[in-house]
Each structure stands twice: as C-alpha cells, then as structure tokens.
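K.L.:
For reference, the sequence and a predicted model appear below.
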Amino acid sequence: MNKIYDVTVTITPELPTWPGDPGVVLERVNKIEEGANANVSHLDIGVHTGTHVDAPVHFLPGEKGIESLDLEVLIGPALVVEIPEDAGQLTADVLAASGLDGDVKRVLFKTRNSRYWQEQSKEFHTDFIGITADGAEFLVKQGVKLVGIDYLSVAPYKKSRPTHEILLRAGVIALEGVDLSQVSPGTYQLYCLPLKLGGSDGAPARVVLLEA
Ligand SMILES: [Zn+2]
C-alpha cells in the first residue's frame, strides 16, 4: 500500500477561523457518564472552516453550490509544488518560475503557510501567502482545474474577490486550508471530498494525498 498523507487540519474549538466567520463549536451534548445511551456531539461551524472547498456561489451569486462540484476533478493526480520561502505572494511570475508545467490539472501549493498548521498556531495570521489576480489568470490559462493552498484563502488577505472571481468563473475548484508540512513536492493521487451540503458556498473536506 502506498503511503497516505492526511493533509486535513483537525477541527477543534481552538482552530483559527477567518475574521468575522463563525468559530468552532464541537461539544458532547449527550454523555454516557451522565446516563445517556450513547455519546453524541453537537457541531456548529462556518462552511469555510479548516480544510475546505469553495463553491462558485461563494463569490458569484446564482452560481453552483458545493454539492454540484465534479468528483472527477476532486479526485485524481495532483502536483504538489513547493514555493521558496522568500518568493512572496503567488503572482504570475512566481508561478511561472515554480516548475508548473502545461498539463497539470490539479496543483497544490506548499508555502510557508503550512508552518502555521504544523505549529498548531491558534491565532489567525493575515500575512499568509495567496494567489494574486494575475497569478489566478496564469493558472486558468494553464488549464488548471483545481488549485489548493495551505491557508484559509486562495487569495492574499484583503484581496479576496479578484482571485476568487477569476478562478470560480473559470470553473477552477479552490481547495483551501490544506496542511502540506509533511508532504514533499511531487505527484500524488488526490482525494478531496467536501461534505455534500445543498446549495452551500463551501464545505469542509477530508483531503488525502496517496503517494504515487
Ligand atoms: Zn473558502
């Protein structure tokens, strides 16, 4: 069996969430030790919590919800590309120099962001690496169908809309909040399965990479 890398962050009440988004409530409401028949927990989270996928309707009113994303894009070979520490935001120039070649359909960018997950940092960081608008255009032109990033947004902080609009309008699936700290650059088999939430603008996903 090839090695499986779980690149999903664990959802706990301590997990940092996007400023203004709901926090995480995960608590046991029925307890065996208190006489209940079974342990049962209550979960209350925003749909963009932790490792998650964005749907087109997140930024494009009237567009598709998360349940309609194509499983044939969510599952398949994916390239993990490591971005040098000092590269800065993922502009078209940075991406062109990153070794991304023409026939890559799914790409996950491993940046210095992954260290925040590795350190289990409890605060939300605003200085994370994201993809700029011209970087997003570059990816669309390359024919990329799924792009993953190792913090909570594909776009740099305070610059959400242009990057999301370009990607989502082109039908590119945005996977956010993966922890790539334990994964080396290279090709893997990606399994990305967002919860099937009807009409939702996003959904948490369990995401694993299977060594090729
Ligand atoms: Zn999102």
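P.N.:
Happy to help now that I have it. Residues are numbered from 1 along each chain as shown.
K.L.:
need the helices for this structure, in chain order.
P.N.:
Assigned by DSSP state H, the chain shows helices spanning 71-74, 92-96, 114-118, 133-142, 160-169.
K.L.:
Against which helices or strands is the fourth one packed?
P.N.:
When contacts are defined as 3 or more C-beta pairs under 8 Å, 6 or more residues apart in numbering; DSSP states H and E, helix 133-142 packs onto helix 92-96, helix 160-169. C-beta coordinates here come from the backbone N, C-alpha and C atoms, glycine included.
K.L.:
Tell me which residue is most central in this structure.
P.N.:
Taking C-alpha atoms, centre = their mean, the centroid of the chain lies closest to residue 176, which sits 1.6 Å from it.
K.L.:
ok, the closest residue to the ion within the chain - how many residues close by?
P.N.:
Residue nearest to the ion within the chain (C-beta to the ion): residue 48, separated by 3.7 Å. The tally of other residues near residue 48 (other C-beta atoms under 10 Å) stands at 22.
K.L.:
for residue 29, same thing?
P.N.:
Neighbours of residue 29 using other C-beta under 10 Å come to 9.
K.L.:
so who does it touch?
P.N.:
Residue 29 is in contact with 40, 41, 42, counting by C-beta atoms under 8 Å, 6 or more residues apart in numbering.
K.L.:
And for residue 106?
P.N.:
73, 76, 77, 78, 79, 144, 145, 146, 147, 148, 190.
K.L.:
which ones among these are found in strands?
P.N.:
76, 77, 78, 79, 146, 147, 148, 190 (DSSP state E).
K.L.:
would TSV of those residues with neighbour count and distance to the ion be doable?
P.N.:
Output for those, formatted as TSV (neighbours: other C-beta atoms under 10 Å; distance: C-beta to the ion, whole Å):
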residue	neighbour count	distance to the ion
76	15	21
77	13	23
78	26	18
79	21	21
146	25	14
147	25	12
148	27	12
190	26	18
